[in-house]
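Engineer: can you look at this prediction? I've put the sequence above it.
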Amino acid sequence: MLVIYKADVAAMTGKQEDMVFNVLKSGGFSDDMRTLMRSSNYGALCLDNGCFHGVALVRVTELADKTREHEILAVCTAPEWRRRGVATELVSLITSESSGSTVSVCVQRGTSTNESLVQFFEKRGFVIDVSNATGTHMKSVC
């Protein structure tokens, strides 16, 4: 049975850290993801039969106007689980958890993989924040 749920950093960096990290690594993320995982505030996880198949990491920042921004640091689905809606469910959980706050993601531009990622977020209601866009990176906001 497929389960998508929110997890705090303690849960992700406890007994489950290696399983979460293996999903991130299968998606091409580097060893630096352990540090990023520990610096996130929470994550969204996809679990099926005791195995993780999808991970999203989120950092929450309080802005100057006292609102909060939920920044998606990483979204990854294990290769054999791609194109099954897992990443969509992870992002949906994050946007619902934000309860009216801004949700953003920063994507490096210039590769076909990343352009696909831009399209993925645009299909889910994110728009490019042109005040934050550069030639190589874009910030999308939902």
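Structural biologist: Perfect, thanks for sending it.
Engineer: what are the ranges of the strands in the protein?
Structural biologist: If DSSP state E is used as the criterion, the strands of the chain fall at 2-8, 42-48, 51-62, 68-77, 102-108, 127-128, 137-141.
Engineer: what mean pLDDT would you report for the fifth one?
Structural biologist: In other words, strand 102-108. Average pLDDT, strand 102-108: 81.
Engineer: in CSV: the strands of the chain, plus mean neighbour count.
Structural biologist: For the C-beta atoms, the positions are set from N, CA and C on the backbone; glycine is no exception. Formatted as CSV, the entries for those read as follows, by neighbours: other Cβ atoms under 10 Å:
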stretch, mean neighbour count
strand 2-8, 14
strand 42-48, 21
strand 51-62, 20
strand 68-77, 20
strand 102-108, 19
strand 127-128, 14
strand 137-141, 18
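Engineer: turn those into TSV, columns for distance to residue 36.
Structural biologist: Supplementary listing: the strands of the chain in TSV, determined by distance: least, Cβ to Cβ, whole Å:
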stretch	distance to residue 36
strand 2-8	15
strand 42-48	11
strand 51-62	6
strand 68-77	6
strand 102-108	13
strand 127-128	23
strand 137-141	16
